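*Asks:* Pasting a predicted model and its sequence here:
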Protein chains: 4
Amino acid sequence: MIFTSDNAFGVAPEILRALGRANGGGVPSYGEDEITKGLTRRFFDVFEHEVAVFPVATGTAANSLALATLTPPYGAILCHEVAHVNVDECGAPEMFSGGAKLIGIGGAVGKIDPELLAATLKTFRHGDVHQVQPRCLTLTQSNEAGGVYSLQELSRLVGIARDFGLKVHMDGARFANALVALGCSPAEMTWKLGVDVLSFGATKNGAMAAEAVVFFDPELAGDFALRRKRAGHLFSKMRFLSVQVEAYLANDLWLKNAHHANAAAKRLASGLKAIDGIEMFGKVEANEVFVRLPTAVFKRMMKSEAAFHPWPNPDDSAGGGKLQTIRLVTSFETTDEEIDRFLSLVRK
Amino acid sequence: MIFTSDNAFGVAPEILRALGRANGGGVPSYGEDEITKGLTRRFFDVFEHEVAVFPVATGTAANSLALATLTPPYGAILCHEVAHVNVDECGAPEMFSGGAKLIGIGGAVGKIDPELLAATLKTFRHGDVHQVQPRCLTLTQSNEAGGVYSLQELSRLVGIARDFGLKVHMDGARFANALVALGCSPAEMTWKLGVDVLSFGATKNGAMAAEAVVFFDPELAGDFALRRKRAGHLFSKMRFLSVQVEAYLANDLWLKNAHHANAAAKRLASGLKAIDGIEMFGKVEANEVFVRLPTAVFKRMMKSEAAFHPWPNPDDSAGGGKLQTIRLVTSFETTDEEIDRFLSLVRK
Amino acid sequence: MIFTSDNAFGVAPEILRALGRANGGGVPSYGEDEITKGLTRRFFDVFEHEVAVFPVATGTAANSLALATLTPPYGAILCHEVAHVNVDECGAPEMFSGGAKLIGIGGAVGKIDPELLAATLKTFRHGDVHQVQPRCLTLTQSNEAGGVYSLQELSRLVGIARDFGLKVHMDGARFANALVALGCSPAEMTWKLGVDVLSFGATKNGAMAAEAVVFFDPELAGDFALRRKRAGHLFSKMRFLSVQVEAYLANDLWLKNAHHANAAAKRLASGLKAIDGIEMFGKVEANEVFVRLPTAVFKRMMKSEAAFHPWPNPDDSAGGGKLQTIRLVTSFETTDEEIDRFLSLVRK
Amino acid sequence: MIFTSDNAFGVAPEILRALGRANGGGVPSYGEDEITKGLTRRFFDVFEHEVAVFPVATGTAANSLALATLTPPYGAILCHEVAHVNVDECGAPEMFSGGAKLIGIGGAVGKIDPELLAATLKTFRHGDVHQVQPRCLTLTQSNEAGGVYSLQELSRLVGIARDFGLKVHMDGARFANALVALGCSPAEMTWKLGVDVLSFGATKNGAMAAEAVVFFDPELAGDFALRRKRAGHLFSKMRFLSVQVEAYLANDLWLKNAHHANAAAKRLASGLKAIDGIEMFGKVEANEVFVRLPTAVFKRMMKSEAAFHPWPNPDDSAGGGKLQTIRLVTSFETTDEEIDRFLSLVRK
């Protein structure tokens, strides 16, 4: 019963089998193989747009390399104040960009508040040498606090970014979960809104270690390819990275997995909602459930076989510590049995 | 018939199977799993020394992160002038170190000439602020030009480095091939000589994408762990990286694979040596064979199904272009049939 | 009538004369001259402590080089959220450190709130590779918002930094003004409290372009010297930089100038306080005066010959825009006549 | 009798006086003053071309900031193997560029051999991600080994750079000396040949600490301004930097000083040539004289009051150590008396 993180799960069998299929000697290295080359076409089909695609193994690499391509060293990257790139990557965007500055913006459930974004951007004067120069906005869809931007919300934020001359990056570590939640097309959630570059996540949703950086403006691609190599993120036996992405897209595996994870979250949430004394915290939009347990229940569960993380929530201490918020993450592997077992443990 | 590079080959079946074995949900992420933790003990056994071990996916990452840990931004890294880190990694060590300088030293078959090393080091004045400060020597064992340092040669170079206060890094992308060639123990080829950090390669010799950075002085480990994360080289589902290394070491797979590759090189070399008009170029020590073909044969072979790379050799043009040097790389997958087919194609 | 910034003023005649005195050929370059070497002794006398001293030409260089010496690329620098290093130097500390992260802490009048500092530091886990690692606290004494830390306040902040293993840097661009305000000794305001490195400013208080980075722990000096050269901040004709600092210290010029500037601020403040409709904003501790003018007066003054900057103050708009806050900076050159003229203009 | 370096000399009286003239309070800071703004017009007049001009205090800053503006982190900068930027600046270009690579090219008297330059550039494949990408050629006019490129030589090197898509930077630390040596116009030695950016040196030829970075393509200027600030090289009291450059250009002081220094070198050289047993080493083109002294004379002179540097010359040891090469640098302050005294000391 693992509800700690999507990272705690394994590899989808379809993807594991694909690794075996890709094996066999005599294949050009460093991405000159047919599997890697074929990805451009796959993404063209999925996104209905010309793309340049670069597989990398980690989300940190995908995000940081993308941001460094969009932002000069004297630039600023606007992000949510608790965005993964700002608080969980040990300064990776700063390293890859040569010292650009991340400017954190507030907003509920990990989503940037458009008023605050506009107000912050107004404090910068274009070309004023005393200030870093805002060049890029990065949006997480969906984020670690369970938030999923609606298309309207995305559109407004991208519009503000455009008004101030910024490029837009989307951190899509949980892109599939967000897409399924919104029920829109990949195109509608990205370039049609004005997103320039997408970190298309696969690891959290069934791959072993694979993300794809997708440029909707291929002009930026040459620069990125050099940065990827220079950062040690170009694999020699590249096909084993690319084939994960290929298998992830094949037969809509990515969407099936995300549907499964999101549905599991909903099932878990409705089960919890029905239990006396438990409060939901936020909406369940993708594959994350936030609930507030009575402290006694919380303590009992922490000692149980169920694995999950407490979630910092100022309301808990404000409320005198009677409730404790926790985060439960479901995945493509989460089973109904696990959910039911978890619910019965809580009920006890 | 692939003789282009060790990178063109696939994954050893033992390692591919290990990936499947490691699968299954509910495992702590980011290296807190048992497989990753167990590597310390495995390397302790292999190297007969306390170690700190960090798996990463590429040789570029292994080398650059190791060098950045040993060298401040104002430092210099001494390497062979055609070392991979100097000419084939798009400036990765410069990026990871924050702009340290690589100083290339000459020497036959990719091996640093100790006289030149000492002479170069003497041109630097300790603490002279106008100069970068030499802090690290990196040695490739074995290298892309087919060279394998003898223990005596290594000892001398490490001794010079020590005399000038440098740390020593070994680029062991082909560590197993070198070890088999010398017939010594891992300890004898590393820390017993004074090597501080080793990039222990597995990818070229049967892994999918896995190297291990091995510190014989674990004090440097904390710094490295932070640098690895910051560079996007810490995997969330770490066990799939670690299990490759585990399977590579299990039952001496790494040594068997290297034995196979080196033996294939020897078989290929003796076959070629027996053919009229072909000249050997350098010794065959590990898994690389360099030969000079008559130009007509070279041209015919380039059009054949055999894949290999021409190798720049000033003697070829000096000799009027009658001979053309090529490099042939064998691997754990190279078969006797392939070798024989290659030889018969040359003989035609 | 210039009250915009200390930077708008000129060079003290004593310092200008010193430049002429230092002239004449045949002097060792790059800091090997006697004037530069003599600074160590001067600072030893002033600070009553062993020091390593490095003159540089700008405050940006002094602060950024000092911070880079104390903070690795994966480190974090704690500072006030509106500290000069955080908002006015175009990301200089990020550049010099190779991408360290500045963490802004709130607090009134530009002074870090100790509770917030401690709370922020508690959110970091030592060695957690997902987070930048706090390594350095930087305190501005006195700051651009007019704030001067008391010795007790400094002591408490330094104590918290020490508890979390941080080094402490003091941005002393207005060190003399703060010292005069507190009436303590240089030692009492720095190393006696636990400050490790001081950016000792001279430019704002009468030098042409000269600051001195003072290490109370000379062990860090070698590293700094290399970083300074590498950043282009080692002057070839170094004596002209050093002699400014020498003249600044000679005959207590630095203290006289600061006394003059602080006294001018007090005179200006009491004049303004006596005028109907004007509100003081904050205390006048060093050489900065913040007042709130009736909007009509503000508009009139902006068109007058008096030069000064409006100061962002949320209370102004909250109060319906009836008052507008401005900042007035006095200097060693500010005359009583200027002050009186300014006051009479306001009174009109 | 100082012949060690142009850096050992002082400040021209015209420039020292100009500092005084620029003094007086109430001047906009950070380069918004009239003196700084006027420099654009002065350089327009001198170079007969639209320019963007940025004063900085050191040659290291001028060169490194210019190179960083022209070269991305994954780029390569082609330079002479013993160019100041490559061997005497502690890796400054690497720092400012975020880790670009300097590729040293050989050639006599510090001048890049065009054949070697073209041959080196041919080894790079455009867009090959394994290699840094050549983006910039930097030429030193005149250099530390006494070499001055003829216009024909410059034209050929710039042409090669252009053919390979490189930008061209000129390190003009001794620009005036070279100009006087060639007897051409500033335009003829720079943009008319295709030079993009010039580090226009003043410090070595009479300024206190002042260089100007001159862009002939003003489009690159915005980027540079931000980089300058970020590197701590924007002065708050900027006028004192700019006025040095202004005075340097006024009444052709820069050319007069260079004429004086070059003439002194010629006088010194002909005096030495007339002495038995002394051999000239290279031509005397600008303000540097290289001669080979009999070892006994060399030893005697090293103990004398004359200050100069020995110069590494392999011919000396090859010749059995009978001769020792030295470098003598003259300046705008070198007097005939000093030269004559030096010559009589040698003759003794």
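*Replies:* Good, I have the coordinates.
*Asks:* need the strands for chain A, in chain order.
*Replies:* With strands called from DSSP state E, chain A shows them at A:52-56, A:75-80, A:101-105, A:133-140, A:167-172, A:197-201, A:211-215, A:279-280, A:288-294, A:309-310, A:323-329.
*Asks:* how about these in TSV, adding distance to chain D, mean neighbour count and mean pLDDT?
*Replies:* All C-beta atoms are positioned from the backbone trio N, CA, C, and that covers glycine. Converted to TSV, those look like this (distance: least, Cβ to the nearest Cβ, whole Å; neighbours: other Cβ atoms under 10 Å in any protein chain shown; pLDDT from 0 to 100):
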stretch	distance to chain D	mean neighbour count	mean pLDDT
strand A:52-56	11	25	98
strand A:75-80	9	26	98
strand A:101-105	10	23	98
strand A:133-140	7	26	98
strand A:167-172	16	27	98
strand A:197-201	18	28	98
strand A:211-215	14	27	98
strand A:279-280	47	14	94
strand A:288-294	37	24	96
strand A:309-310	37	12	94
strand A:323-329	36	23	96
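*Asks:* can you put those strands in JSON lines and add distance to C:Ser64?
*Replies:* Listed next are those as JSON lines, based on distance: least, Cβ to Cβ, whole Å:
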{"stretch": "strand A:52-56", "distance to C:Ser64": "32"}
{"stretch": "strand A:75-80", "distance to C:Ser64": "17"}
{"stretch": "strand A:101-105", "distance to C:Ser64": "13"}
{"stretch": "strand A:133-140", "distance to C:Ser64": "18"}
{"stretch": "strand A:167-172", "distance to C:Ser64": "27"}
{"stretch": "strand A:197-201", "distance to C:Ser64": "30"}
{"stretch": "strand A:211-215", "distance to C:Ser64": "32"}
{"stretch": "strand A:279-280", "distance to C:Ser64": "48"}
{"stretch": "strand A:288-294", "distance to C:Ser64": "40"}
{"stretch": "strand A:309-310", "distance to C:Ser64": "38"}
{"stretch": "strand A:323-329", "distance to C:Ser64": "39"}
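*Asks:* Of those strands, which is nearest chain B?
*Replies:* Closest to chain B of these is strand A:52-56 (Cβ to the nearest Cβ; 7.5 Å).
*Asks:* and the stretch 151-300 of chain A, which of its residues are near chain D?
*Replies:* A:222-223, A:225-230, A:234 (Cβ under 8 Å from any Cβ of the partner chain).
*Asks:* same question but for the stretch 1-150 of chain A, I mixed them up
*Replies:* Within the stretch 1-150 of chain A, the positions adjacent to chain D are A:30, A:72-74, A:98-99, A:127, A:129-130, A:133 by Cβ under 8 Å from any Cβ.
*Asks:* which among those are in contact with chain C?
*Replies:* Applying Cβ under 8 Å from any Cβ to the residues of the stretch 1-150 of chain A next to chain D, one finds that A:73-74, A:98-99, A:129-130 fall near chain C.
*Asks:* and the two most separated of those residues?
*Replies:* Using Cβ to Cβ, the pair of those lying farthest apart is A:Gly98 and A:His130, separated by 18.8 Å.
*Asks:* The two: which is more packed in?
*Replies:* Legend: neighbour count by other Cβ atoms under 10 Å in any protein chain shown for A:Gly98 and A:His130, higher for A:Gly98 (27 against 17).
*Asks:* Just the buried ones from the residues of the stretch 151-300 of chain A next to chain D?
*Replies:* With burial judged by 16 or more other Cβ atoms under 10 Å in any protein chain shown, the buried subset of these is A:223, A:225-230, A:234.
*Asks:* mind checking which helix or strand of chain A has the lowest mean pLDDT?
*Replies:* helix A:314-318 (a mean of 89; mean pLDDT, DSSP states H and E).
*Asks:* Which strands and helices lie in contact with that one?
*Replies:* Helices and strands touching helix A:314-318, by 3 or more Cβ pairs under 8 Å, 6 or more residues apart in numbering or on different chains; DSSP states H and E, are strand A:323-329.
*Asks:* Just checking the distance from the strand it packs on to the centre of its chain.
*Replies:* Distance, stretch centre to chain centre, for strand A:323-329: 20 Å (Cα atoms, centre = their mean, to the nearest Å).
*Asks:* before we move on, back to that, can you select the buried ones among the residues of the stretch 1-150 of chain A next to chain D for me in ChimeraX?
*Replies:* A single ChimeraX command is used to select the members of those judged buried by 16+ other Cβ under 10 Å:
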select /A:30,72,73,74,98,99,129,130,133
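*Asks:* Quick check: which of the residues of the stretch 1-150 of chain A next to chain D has the minimum pLDDT.
*Replies:* Across the residues of the stretch 1-150 of chain A next to chain D, the bottom pLDDT score, 90, is held by A:Gly127.
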